[in-house]
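Student: Build me a model:
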Amino acid sequence: MLKEWPLVAFTVLGQMAVGVFLCFHAPFLVRGRAPSPGWFVTWLVVLAVVVFLQGLATVVSLFHLRHPVRARFVLSNLRSSWLSREILFELVFLGLVALSGWLAWLRAPSRGLHAGLVGAAGLAGVLFLLSMAKLYMLPAQPVWSGAYTPLSFLLTTLVLGTVATELVVRGVAGPGVFALDLAAVALALAVAEIGLAALAAPRHGARGVRPGPSLRRVGGAALSAHRARIALLAAGCASLAWDLASGGNDILNERGWGAPLVLAFAFLLAGETAGRLHFYGLVGRPSERAS
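Tutor: Below you'll find the model as predicted:
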């Protein structure tokens, strides 16, 4: 299962990058415009964080290839391959976000252009997530082919996106200045993910998919990852509740991060990583032995 670490890192980092972009820009996209001048510094930092996360995800994904120099051929089958589409939309998303950041840094005069780029990048990010989910929803793999896969990916995107965006906003602009209390939103989403994992996780959820016998053995490490995911997400929820109870998002507070929010991010990131290890551990390799 640990052999899949490049895919674990790629999917978690890529989903977090899209989540940060969408969570920060959602209030502006609803109004059909780019962030106002008062958000200039925070906007630049958000775009830089998104480019860093998505760029890191792209680099890490190369470690999964036996011959990284042949990665350019992955775009050769866009008509029928969800893998090719996933990489295409990832690169388009990364390029549009980087272009938005560059134009914002130059203070390009056209706000309509900024809004168009933000909307196009958001669409590319959504298509990237959709392609990532469709890539794994194979009829030959019943543990991946159901609705659990896209729902799990979506919740990872939103949970990490909201809490990471809250970290950036509090650290740059200050607490209580965003339209939503993202810590509260992250808490609700994390609770929903715990419920999804406990009930619907394939093999180990109470009502998850139970595929028939297979020649591919699945080790007990997947069950351990499933339990670790729930425990870490619960610890993240407790930290978010601590942050809310202590008034961490009070507008009267100074800029910066409190310990509860930092702990919440660490626990939630670890929980999502454990969840992705569980996901890949559901489909064992023929050479693996059950533990």
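Student: burial measure for L96, as a count.
Tutor: By other Cβ atoms under 10 Å, 21 other residues sit near L96. Bear in mind the C-beta positions are built from the backbone N, C-alpha and C, glycine included.
Student: tell me the contacts of the nearest residue to it once chain neighbours are set aside?
Tutor: Using Cβ to Cβ, 6 or more residues apart in numbering and skipping residues adjacent in sequence, the residue nearest L96 is A121, 3.8 Å away. With contact taken as Cβ atoms under 8 Å, 6 or more residues apart in numbering, A121 is in contact with F21, F93, L96, V97, S100.
Student: which helices and strands does whatever helix or strand G95 lives in pack with?
Tutor: Following DSSP states H and E, one finds G95 within helix 82-106. The helices and strands touching helix 82-106, judged by 3 or more Cβ pairs under 8 Å, 6 or more residues apart in numbering; DSSP states H and E, are helix 5-30, helix 40-61, helix 111-136.
Student: Give me the buried stretch members for that helix, please.
Tutor: For helix 82-106, a neighbour-count test (16 or more other Cβ atoms under 10 Å) marks 82, 84-90, 92-94, 96-98, 100-101, 103-104 as buried.
Student: re earlier: which one of the helices and strands packed on helix 82-106 is the most hemmed in?
Tutor: helix 5-30 (a mean of 22; mean count of other Cβ atoms under 10 Å).
Student: by how many degrees do that helix and helix 82-106 diverge?
Tutor: Between helix 5-30 and helix 82-106, the angle comes out at 50 degrees (axes from the mean of the first three to the mean of the last three Cα atoms, to 10 degrees).
Student: helices or strands up against helix 5-30?
Tutor: So helix 5-30, by 3+ Cβ pairs under 8 Å, 6+ apart, packs with helix 40-61, helix 82-106, helix 111-136, helix 148-172, helix 259-281.
Student: Please repeat the previous calculation with a cut-off of 6 Å.
Tutor: Where contact means 3 or more Cβ pairs under 6 Å, 6 or more residues apart in numbering; DSSP states H and E, helix 5-30 is packed against helix 40-61, helix 111-136, helix 148-172, helix 259-281.
Student: quick one: contacts of the lowest-mean-pLDDT helix or strand in the chain?
Tutor: Ranked by mean pLDDT, DSSP states H and E, the weakest helix or strand in the chain is helix 142-145, scoring a mean of 88. With Cβ atoms under 6 Å, 6 or more residues apart in numbering as the test, helix 142-145 has contacts from Y136, M137, L138, P139, P202, V209, P211, L282.
Student: any idea how far the fourth one lies from A104?
Tutor: Think P139. For P139, the distance to A104 (Cβ to Cβ, to the nearest Å) stands at 44 Å.
Student: so which helix or strand takes in A231?
Tutor: Of the helices and strands defined by DSSP H and E, A231 is found in helix 221-245.
Student: quick one: contacts of that helix?
Tutor: Contacts of helix 221-245 (Cβ under 6 Å, 6+ apart): 1, 183, 186-187, 190-191, 194, 197, 201, 204, 260-261, 263-264, 267-268, 270-271, 274-275, 277-278, 281-282.
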